[in-house]
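Participant: how would this look folded up:
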Amino acid sequence: MKTLHFARAAAAALIGAALAGAPAHAEIKNYEFQLVQPTVKAGADRIVTVRLVDKTTGKSVPDAVVFATRLDMAPDGMQEMATKVTPMPPTEPGTYRFKATFGMEGRWQLSLSAKVQGETGSVENKLVVTADK
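Facilitator: Got it, this is the predicted structure:
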């Protein structure tokens with residue numbers, strides 16, 4: 001019986017030590033995308049740059065995997081007015097760039113979903129970009 005208690009105590013101690021030494025991660029809700037520039041010129045092949053930020057530290061988060069993007073005019077009541085979004089190479093760590101055609105002036109909604117390494121769940125944000133002359 002003592003052997004069984006000792007084995008359980010040893011297992012609990014090992015699990016506790018492993019958890020105590022594990023790196024702490026933020027919750028997925030502590031991450032958000034932010035527009036680097038809130039306006040673009042209307043037209044073809046415009047670049048929109050966003051930064052993925054850890055809100056608890058204010059630092060940019062590199063190497064996230066953006067797996068869903070959509071750009072439409074939902075803020076102006078025209079969600080059916082969507083355009084293709086093409087990922088582009090980043091210019092600095094923690095920034096994510098996308099090329100798209102802004103077919104007309106107005107407010108466009110950029111919807112993004114991403115996985116952050118080491119975190120459970122997905123970061124999901126909807127950002128409003130204004131296209132002007």
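Participant: how about the helices in the chain?
Facilitator: Here the chain has its helices, by DSSP state H, at 2-21.
Participant: for it, which segments are assigned as strands?
Facilitator: Secondary structure of the chain (DSSP state E): strands at 31-35, 39-41, 43-54, 59-60, 65-73, 78-83, 85-88, 95-102, 106-115, 123-132.
Participant: what's the mean pLDDT across the fourth one?
Facilitator: What strand 59-60 shows for mean pLDDT is 97.
Participant: show me what that strand is packed against.
Facilitator: For strand 59-60, the elements it packs on are strand 43-54, judged by 3 or more Cβ pairs under 8 Å, 6 or more residues apart in numbering; DSSP states H and E. Where C-beta positions appear, they are placed from N, C-alpha and C, glycine not excepted.
Participant: tell me which helix or strand in the chain has the weakest average pLDDT.
Facilitator: helix 2-21 (a mean of 43; mean pLDDT, DSSP states H and E).
Participant: just to revisit the earlier point, adding mean neighbour count, write the strands of the chain out as a markdown table.
Facilitator: Shown next, in a markdown table, are those (neighbours: other Cβ atoms under 10 Å):
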| stretch | mean neighbour count |
| --- | --- |
| strand 31-35 | 18 |
| strand 39-41 | 13 |
| strand 43-54 | 17 |
| strand 59-60 | 14 |
| strand 65-73 | 16 |
| strand 78-83 | 14 |
| strand 85-88 | 14 |
| strand 95-102 | 18 |
| strand 106-115 | 19 |
| strand 123-132 | 16 |
